[in-house]
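Novice: okay, predicted coordinates and the sequence, questions at the end:
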Amino acid sequence: MTASLAKRRLDPAYFTHPPYVETYGPEVSDLAALAGFPPDPEQEMALDVLFAIGPDGLPLVFEFAVVAPRQNLKTGLKKQAALGWLYITEERTVVWSAHEMGTTKEAFLDLTTLIEDCPPLRKRLAPGPSNGIYRGNGDESIELATGQRMLFRARTHRGLRGLTGDKLILDEAFALQPVHVGSVLPTLAARPHSQVLYGSSAGNANAAVLRAIRDRGRAGGSESLGYLEYCAPEGGCADENCTHVYGQVKGCALDNRENWKVANSALGRRITMAKMQAFRESEPPIEFAREHMGWWEEPAGADLPTITEQQWRDLRDPKSQPEDPVAFGLYLSQDRSVAAIAVAGRRKDWKIHVEVVPAKKGGDTDSLPGTAWIAPRLKELADRFNPCAVVVDAYSAAASLIPAINEAGVDVVTTSASDMAKACGQIYDAIVEDEIRHQGARALQMAVCSAKKRNLRDAWAWDRADPNSDITQLVAATLAVHGLIAHGPEEKTETEVWGFWE
């Protein structure tokens with residue numbers, strides 16, 4: 001293989017990002033080369049966007065996602081970015097998280113090897129018995145003498161609370177659930193240099209979070225998302241009824257080596273045609289298509305979200321504010337791991353403003369551990385805003401908190417099963433009929449756009465038992481809207497506009 005072939009860049013199927021002029025990408029590439037891990041041309045291209053600087057001097061993109069077949073560029077890019085954040089831009093805290101702890105530990109071992117084997121990098125490690133490398137059981141970290149830290153953690157069903165940092169690497173993004181994103185992205189809001197790097201192969205049918213990122217990335221036009229994806233064109237089999245089973249039907253698209261070439265940037269470098277052929281023969285067709293061709297496994301039509309991301313984005317108004325009176329809705333997830341208090345209020349144009357209230361006055365987190373904070377927070381909100389209703393579903397986990405809320409001096413309106421079905425219909429109609437406005441909070445968007453319907457006898461409600469979505473914030477908003485419609489003003493009046501939530 002010639003040097004020119006090794007440096008030839010494979011154009012991606014999708015590459016969208018805001019325009020930029022200045023970037024630290026070349027410096028990061030030089031650093032990775034110094035560590036013995038030089039980036040491929042495709043990785044250099046990604047690093048240039050990830051480390052680009054906007055006109056305000058802050059990172060160009062808040063989110064950067066790379067979706068590519070296995071063993072090509074994703075993990076290497078994340079390691080190169082981690083080195084750049086530690087040694088070039090000198091971020092205070094970088095967090096690397098994967099779905100499995102084994103994957104996280106492997107990344108930790110690879111990065112420590114790169115650093116320890118490179119004298120200029122090794123000498124900047126923190127002094128002490130561990131020499132800046134802490135090998136705990138699930139508590140691994142790297143620390144520099146100047147205070148920069150990189151933490152390695154596995155994700156849990158409770159999300160990533162407590163793992164906020166300046167930079168967040170979400171490996172194995174195909175396994176991300178709304179609770180993971182909803183628990184951590186809001187905590188990055190107050191960090192001006194914060195960024196999130198997603199890495200994954202193409203998603204399976206349950207990868208709702210990654211699929212939403214893909215749809216935004218492929219569409220382009222975002223001012224805060226960079227997106228890079230390698231995949232082969234889908235379809236193209238000679239037989240339209242092709243089963244994709246190896247050797248069963250001639251002309252299968254999974255056997256087309258040109259498809260292999262356009263999807264795998266490392267083919268001819270670290271991956272050989274012989275190895276790809278071995279993968280094709282040994283792996284189930286659906287796995288080969290997803291992991292080596294970049295073909296997404298789409299969910300069945302019945303499992304598609306009820307409200308699309310575009311529908312919800314069309315209702316965004318960053319300056320939206322509610323007028324007096326407002327209603328609050330409280331919802332606690334079934335496992336009691338996360339709660340949300342939402343507010344709904346009419347605007348001057350009579351559209352309904354909805355948002356989730358911070359769990360603490362002046363804070364930037366939507367929920368706190370445990371439930372002890374909920375009654376005092378509702379009391380604080382009730383005293384300040386004198387709501388027309390504070391609504392709790394009588395058949396939810398939050399019902400157990402009603403005595404404490406009442407004892408705090410807050411009257412609660414409860415909903416029955418029929419009330420809840422009515423409430424779901426009310427907010428759904430308001431969304432599709434352009435009667436809702438929101439400020440664009442990411443966590444609420446994730447909840448809304450991952451929600452699915454659960455059919456009742458003659459109605460429907462949000463499917464709160466769906467394991468692939470955390471709709472805590474949507475249910476809270478549903479209750480708040482229901483409280484506003486049932487107990488708020490019936491016609492437009494001149495009222496005071498609230499400024500939430502200083």
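Specialist: Structure received. Numbers count the residues shown, from 1 in each chain.
Novice: flag the shaky bits of the chain, pLDDT-wise.
Specialist: Residue ranges of the chain with pLDDT under 70: 1-7, 100, 138, 156-164, 179-187, 189-190, 300-305, 456-458, 492-502.
Novice: quick check: buried residues in stretch 213-221?
Specialist: The neighbour-count check on stretch 213-221 (16 or more other C-beta atoms under 10 Å) flags 213-214, 216-217 as buried. From N, CA and C alone the C-beta is placed, and that goes for glycine too.
Novice: also stretch 371-385?
Specialist: 371, 374-375, 377-379, 381-382, 385.
Novice: then stretch 118-127?
Specialist: Judged by neighbour count (16+ other C-beta under 10 Å), stretch 118-127 contains these buried residues: 118, 121-122, 124-126.
Novice: looking at these, which are in helices?
Specialist: Of the buried residues of stretch 118-127, the ones assigned to helices by DSSP state H are 121-122.
Novice: before we move on, the earlier item: in CSV: the buried residues of stretch 213-221, plus distance to residue 358 and secondary structure.
Specialist: Listed next are the buried residues of stretch 213-221 as CSV, based on distance: C-beta to C-beta, whole Å; DSSP: H, G, I helix; E, B strand; the rest coil:
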residue, distance to residue 358, secondary structure
213, 25, helix
214, 30, helix
216, 25, helix
217, 29, helix
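Novice: of all the residues you listed, which comes closest to residue 491?
Specialist: Nearest to residue 491, judged by C-beta to C-beta, of these is residue 216 at 38.6 Å.
Novice: can you name the residues that contact the closest one?
Specialist: Counting by C-beta atoms under 8 Å, 6 or more residues apart in numbering, residue 216 makes contact with 222, 225, 227, 309.
Novice: identify, from those, the entry nearest to residue 475.
Specialist: residue 309 (18.7 Å).
Novice: ok, for that closest one, nearest residue in space, not its chain neighbours?
Specialist: Of all residues not flanking residue 309 in the chain, residue 449 sits nearest, at 4.7 Å (C-beta to C-beta, 6 or more residues apart in numbering).
Novice: what packs against the strand or helix carrying that neighbour?
Specialist: Under the criterion of DSSP states H and E, residue 449 resides in helix 442-450. Where contact means 3 or more C-beta pairs under 8 Å, 6 or more residues apart in numbering; DSSP states H and E, helix 442-450 is packed against helix 178-184, helix 208-219, helix 309-313, strand 352-356, helix 472-487.
Novice: give me the buried positions along the third one.
Specialist: For helix 309-313, the buried set under the neighbour-count rule, 16+ other C-beta under 10 Å, comprises 309, 311-312.
Novice: please produce JSON lines containing those, extended by distance to residue 13.
Specialist: Output for the buried residues of helix 309-313, formatted as JSON lines (distance: C-beta to C-beta, whole Å):
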{"residue": "309", "distance to residue 13": "20"}
{"residue": "311", "distance to residue 13": "26"}
{"residue": "312", "distance to residue 13": "26"}
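Novice: between those, which is nearest residue 334?
Specialist: Set against residue 334, the nearest of the buried residues of helix 309-313 by C-beta to C-beta is residue 312 (23.7 Å).
Novice: from what I can see that closest one touches residue 451, true?
Specialist: No: using C-beta atoms under 8 Å, residue 312 is not in contact with residue 451, being 10.4 Å away.
Novice: biggest separation within the buried residues of stretch 213-221, which pair?
Specialist: Maximum distance among the buried residues of stretch 213-221 (C-beta to C-beta): 7.4 Å, for 214 and 216.
Novice: shared neighbours, these two?
Specialist: Common neighbours of residue 214 and residue 216, counting by C-beta under 8 Å, 6+ apart, are residue 227.
Novice: residue 309 and residue 290: what is the separation?
Specialist: Distance, residue 309 to residue 290, using C-beta to C-beta, to the nearest Å: 22 Å.
Novice: that older thread, nearest to residue 111, of the buried residues of stretch 118-127?
Specialist: residue 121 (10.1 Å).
Novice: wait, that closest one sits on residue 87?
Specialist: Yes: counting by C-beta under 8 Å, residue 121 touches residue 87, with 6.6 Å between them.
Novice: for stretch 222-231, buried residues please.
Specialist: 222, 224-231.
Novice: how long is that stretch end to end?
Specialist: 21 Å (C-alpha to C-alpha, to the nearest Å).
Novice: pull the distance from that stretch to the chain's centre.
Specialist: Relative to its parent chain, stretch 222-231 has a centroid offset of 14 Å by C-alpha atoms, centre = their mean, to the nearest Å.
Novice: can you pull out the strands in the stretch 351-500 of the chain?
Specialist: Listed in chain order, the strands of the stretch 351-500 of the chain (DSSP state E, counting those that start in this stretch) span 352-356, 389-393, 413-415, 436-437, 453-455, 460-462.
Novice: relative to residue 400, which of the ones you listed is closest?
Specialist: Of these, nearest to residue 400 by C-beta to C-beta is strand 389-393, at 9.9 Å.
Novice: which residues does the closest one contact?
Specialist: With C-beta under 8 Å, 6+ apart, strand 389-393 has contacts from 327-331, 378, 382, 398-399, 401-402, 405, 410-415, 420, 475, 479-480, 482-484, 486-488.
Novice: next one: stretch 434-445
Specialist: 178, 181-182, 185-186, 309, 312-320, 347, 351-356, 366, 427, 429-430, 473-474, 477, 481.
Novice: this structure - how does it break down into domains?
Specialist: 9-229, 235-298, 309-487 (automatic domain parsing).
Novice: quick check: end-to-end length of the last one?
Specialist: Put plainly, it is domain 309-487. End-to-end distance of domain 309-487 (C-alpha to C-alpha): 30 Å.
Novice: again with the first one
Specialist: One end of domain 9-229 sits 14 Å from the other (C-alpha to C-alpha).
Novice: from the chain's centroid, how far away is it?
Specialist: With C-alpha atoms, centre = their mean as the basis, domain 9-229 stands 13 Å off its chain's centre.
Novice: can you point out the buried residues in stretch 464-482?
Specialist: By 16+ other C-beta under 10 Å, the buried positions in stretch 464-482 come out as 464, 466, 468-482.
Novice: now do stretch 306-324
Specialist: 306-307, 309, 311-312, 315, 320-324.
Novice: out of the buried residues of stretch 213-221, the closest to residue 203 would be?
Specialist: For the buried residues of stretch 213-221, the residue nearest residue 203 by C-beta to C-beta is residue 214; the value is 7.1 Å.
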